[in-house]
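1. Everything below, folded, please.
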Amino acid sequence: MTAKIKMSEAGISTRVTERLILRQWQPSDYADFAQMNADTEVMRYFPKRLSSAQSDVIANKCQQLIEDNGWGFWVVSLKETNKFIGMVGLNETHADMPFAPSVEIGWRLQKRYWGQGYATEAARAALCFAFNDLKLDAVVAFTAVINEHSQMIMKRIGMSNTQDDFYHPMLDSDHPLAKHVLFKIMQDDWREITTMVGSI
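-> Residues are numbered from 1 along each chain as shown. Predicted structure coming up:
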């Protein structure tokens with residue numbers, strides 16, 4: 001895998017699903033993103049809540065990576081209103097991760113939009129992009145062992161637990177969130193799943 005996977009001539013990609021749009025960041029998204037990152041329940045399985053300044057740094061980085069590469073962590077907005085409800089997308093895993101180099105999928109939604117299938121719908125669109133546009137061989141996902149909700153979403157989009165649990169290199173080993181699970185989906189698995197769904 002090359003250090004940076006870029007779109008050819010396609011430029012910035014926008015993905016559209018039945019109810020959602022995965023799109024580039026806009027200045028109006030930043031306040032909603034900061035509010036989400038300050039929510040105790042949303043950030044339950046992250047080391048800490050973020051200040052507005054810290055949140056803006058992440059949003060700027062997400063925006064720039066999409067600008068540079070044509071993909072990354074997109075804003076998820078409702079198709080009917082274009083209103084920000086969270087983010088979902090793909091990212092090259094940090095070099096310190098035991099499974100690097102690889103591309104991960106991740107998501108974070110505002111609490112009031114939980115339980116409506118939005119994370120699953122958006123994540124499937126991101127996987128479709130990963131395998132159909134970027135032609136990746138595999139995509140990984142990881143979260144704290146105690147984060148069962150995210151693991152349920154990973155399973156819904158066809159990912160499997162590799163059983164290769166690991167301790168996050170950026171957390172002390174005795175931190176309650178340190179131990180992580182690693183999920184993965186191969187391109188062949190994705191093709192099989194999409195073929196089965198299309199035949200129903």
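
2. any idea how far stretch 131-148 is from the chain center?
-> Chain-centre distance of stretch 131-148: 8 Å, with Cα atoms, centre = their mean, to the nearest Å.

3. One more: stretch 112-130?
-> Offset of stretch 112-130 from its chain centre (Cα atoms, centre = their mean): 9 Å.

4. same question, stretch 174-192
-> Here the centre of stretch 174-192 is set off from its chain's centre by 12 Å, with Cα atoms, centre = their mean.

5. Tell me the span between the first and last residue of it.
-> 40 Å (Cα to Cα, to the nearest Å).

6. Thr143 is in what secondary structure piece?
-> Using DSSP states H and E, Thr143 falls within strand 138-144.

7. In the helix or strand following that strand, which residues are buried?
-> The helix or strand immediately downstream of strand 138-144 is helix 148-156, counting by DSSP H and E. Of the residues in helix 148-156, Ser150, Gln151, Ile153, Met154 count as buried by neighbour count, 16 or more other Cβ atoms under 10 Å. C-beta coordinates here come from the backbone N, C-alpha and C atoms, glycine included.

8. could you dump those to TSV with distance to Gln116?
-> Shown next, in TSV, are these (distance: Cβ to Cβ, whole Å):
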residue	distance to Gln116
Ser150	16
Gln151	19
Ile153	12
Met154	18
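
9. Report the beta-bridge partner residues of the residue nearest in space to the middle of the chain.
-> Centroid-nearest residue in the chain, with Cα atoms, centre = their mean: Gly106, separated by 1.9 Å. In this entry, Gly106 is beta-bridged to Gly89, by DSSP bridges.

10. What separation do you get for it and Ala122?
-> In this view, Gly106 and Ala122 are 11 Å apart by Cβ to Cβ, to the nearest Å.

11. what residues do these two have in common as contacts?
-> Val88 (Cβ atoms under 8 Å, 6 or more residues apart in numbering).

12. can you give me the helices for the protein?
-> Assigned by DSSP state H, the chain shows helices spanning 29-37, 52-69, 118-132, 148-156, 187-199.

13. Please identify the deepest-packed of those helices.
-> Of all these, helix 118-132 carries the top mean neighbour count, a mean of 21, counting by mean count of other Cβ atoms under 10 Å.

14. quick one: average confidence on that one?
-> Across helix 118-132, pLDDT averages out at 97.
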